[in-house]
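[1] structure for this input, please:
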Amino acid sequence: MSHGKQFTLYAHKGGPNPWKVAFLLNELGLSYESVYLDFQAGEHRAPAYTKVNPNGRVPAIIDHKNNDFTVWESGAILLYLVEKYDTEKKYFATSETDRFAILQWLFFQVSGQGPYFGQAAWFTYFHAEKIPSAIERYQKEIKRVLGVLESVLSKQEWLAAGKFTIADLSFVTWNNGITGVLESGFDFEKEFPATYKWHQRVCAVPGVKAGFELKKQLSGH
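    Coordinates of the predicted model:
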């Protein structure tokens, strides 16, 4: 089977995690076709997709120029792309110190920020029963994560390696939806000014900006 694009990216129009991958593919100038799964129809749990990702979640990629090599989990995909295709290490690093500085933030995002935001959204919008204590717990955790970011970004422009990397990129989609999961009246810029400015810098990166514009067209937000 021939493919016009190098990658197939399995995604969701509104879901935050696949867009991280799209942003990096944009920045690296790699061609890809996005397949947006219909979660309401259960496409993410169908055998056709669980052959690609047994966890039944998005994103996942297939690299057609590397023997249809498949990777799932957003953090793993970002690492695959920078290790294989970021030859100048523009979005990663070569020194051990910088590599692990980037990795620690990437792991913090995938294990901390993403799940806390996701649970806050679930209990706010989708859970059948309103559980204020659960909503409050995850909102507090989101603010704690923002506080960790603020403590570092108040002293430096980027999270690691003195430049924009996949560490910075990994946080941007969730933070972009912050007003939807925190209480009304939350003022991102006022409460976490350095993190807010950093978020704006990341949003201005061309590949990120283009991705967000497409996301808005597709999902309306």
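[2] all contacts plus neighbour counts: C-alpha atoms, from now on.
    Noted.
[3] domains of this structure?
    7-87, 96-207 (automatic domain parsing).
[4] out of these, nearest to residue 217?
    domain 7-87 (9.3 Å; Cα to Cα).
[5] can you name the next helix or strand after the one helix or strand in the chain whose mean pLDDT sits lowest?
    None of the helices or strands of the chain scores lower by mean pLDDT, DSSP states H and E than helix 114-121, at a mean of 78. Downstream of helix 114-121, the first helix or strand assigned by DSSP states H and E is helix 132-153.
[6] and the next helix or strand past that following helix?
    helix 166-176.
[7] buried stuff in that next one?
    166-175 (16 or more other Cα atoms under 10 Å).
[8] identify all contacting residues around that helix.
    The contact list for helix 166-176, computed with Cα atoms under 8 Å, 6 or more residues apart in numbering, reads 16-17, 19-20, 23-24, 75, 78, 91-92, 102-103, 105-106, 109, 113-114, 117, 158-160, 199, 202-203.
[9] contacts for the helix or strand that that helix is followed by?
    Tracing the chain past helix 166-176, the next element assigned as helix or strand by DSSP H and E is helix 188-191. Residues outside helix 188-191 that contact it (Cα under 8 Å, 6+ apart): 195-197.
[10] my guess is residue 101 contacts residue 163, does it?
    No: between residue 101 and residue 163 there is no contact under Cα atoms under 8 Å: 11.7 Å.
[11] returning to that earlier point: CSV for the domains of the chain, including distance to residue 217?
    Listed next are the domains of the chain as CSV, based on distance: least, Cα to Cα, whole Å:
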stretch, distance to residue 217
domain 7-87, 9
domain 96-207, 15
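[12] to residue 213, which of those lies closest?
    domain 96-207 (10.0 Å).
[13] now do that closest one: distance from first to last residue.
    End-to-end distance for domain 96-207, by Cα to Cα, to the nearest Å: 27 Å.
[14] could you do stretch 103-119 as well?
    Stretch 103-119: ends 23 Å apart by Cα to Cα.
[15] now that stretch: buried residues?
    Per 16+ other Cα under 10 Å, stretch 103-119 contains these buried residues: 103, 105-106, 108-110, 113-119.
[16] next one: stretch 193-201
    Quick answer for stretch 193-201 (16+ other Cα under 10 Å): 194-199.
[17] what of stretch 47-58?
    Quick answer for stretch 47-58 (16+ other Cα under 10 Å): 49, 52-53, 56-58.
[18] out of the residues you listed, which comes closest to residue 132?
    residue 57 (27.1 Å).
[19] test my guess that that closest one contacts residue 44.
    Yes: using Cα under 8 Å, residue 57 is in contact with residue 44, at 6.2 Å.
[20] poorly predicted segments of the protein, please.
    1-2, 125, 221 (pLDDT under 70).
[21] turn the buried residues of stretch 47-58 into TSV, columns for distance to residue 69 and secondary structure.
    Conversion of the buried residues of stretch 47-58 to TSV gives the following (distance: Cα to Cα, whole Å; DSSP: H, G, I helix; E, B strand; the rest coil):
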residue	distance to residue 69	secondary structure
49	15	helix
52	10	coil
53	12	coil
56	17	coil
57	18	coil
58	16	coil
